[in-house]
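J.: quick one, structure for this:
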Amino acid sequence: MPTIIEKASKMHAPAHPGEILRELYLKPLGVTITQAAGALGVTRKHISAIVNGRTPVTPEMAVRLAKAFATEPEIWVNLQSQYDLWRVRKKAAGIKVKSLVTRKAA
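T.: Residues are numbered from 1 along each chain as shown. Coordinates of the predicted model:
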């Protein structure tokens, strides 16, 4: 019987927070990456890396995004966490550890 990790690794990839930023905020508002970078107080290169899924949304960036787009920072942090966890679960079978507890029969 597949474990929860095996089941989760077969799920579709959640969107990177940068994709959410691009599709639900920047595009509908007509905001360019350059404009967003200026408003957020970061470089254009940094926003471009987030939007293109090459850089994660850090807690500090989550606060900046929340202030700029009238959201909550937890939204951005949770999106990043879900994305990161999905990526790790995809390779969970290759992560070798020794169990420190015994499992009880279900």
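J.: give me the distance between the residue most central in space within the chain and residue 57.
T.: By C-alpha atoms, centre = their mean, the mean C-alpha position of the chain lies nearest to residue 80, the distance being 2.0 Å. Residue 80 sits at a distance of 5 Å from residue 57 (criterion: C-beta to C-beta, to the nearest Å). C-beta: built from backbone N, CA, C; applies to glycine.
J.: overlap in contacts of those two?
T.: Shared contacts of residue 80 and residue 57 (C-beta atoms under 8 Å, 6 or more residues apart in numbering): residue 17.
J.: picking up where we left off before, just say helix, strand or coil for the residue nearest to the centre of the chain.
T.: Classification of residue 80 using DSSP: H, G, I helix; E, B strand; the rest coil returns helix.
J.: oh, and call the first residue 9 from now on, that's how I've got it
T.: In the new numbering, first residue 9, that becomes residue 88.
J.: I figured it hits residue 25, correct?
T.: Yes. With contacts counted by C-beta atoms under 8 Å, residue 88 reaches residue 25, the gap being 5.1 Å.
J.: tell me, what's touching the two both at once?
T.: Here residue 88 and residue 25 have 64, 65 as joint contacts, going by C-beta under 8 Å, 6+ apart.
J.: wait, what's in contact with the closest residue to residue 83 other than its chain neighbours?
T.: Closest residue to residue 83 apart from its sequence neighbours, by C-beta to C-beta, 6 or more residues apart in numbering: residue 74 at 7.3 Å. Residue 74 is in contact with 80, 81, 83, 84, counting by C-beta under 8 Å, 6+ apart.
J.: quick one: residue 94 and residue 21 touch, right?
T.: Yes. Here residue 94 reaches residue 21: they are 5.9 Å apart, a contact under C-beta under 8 Å.
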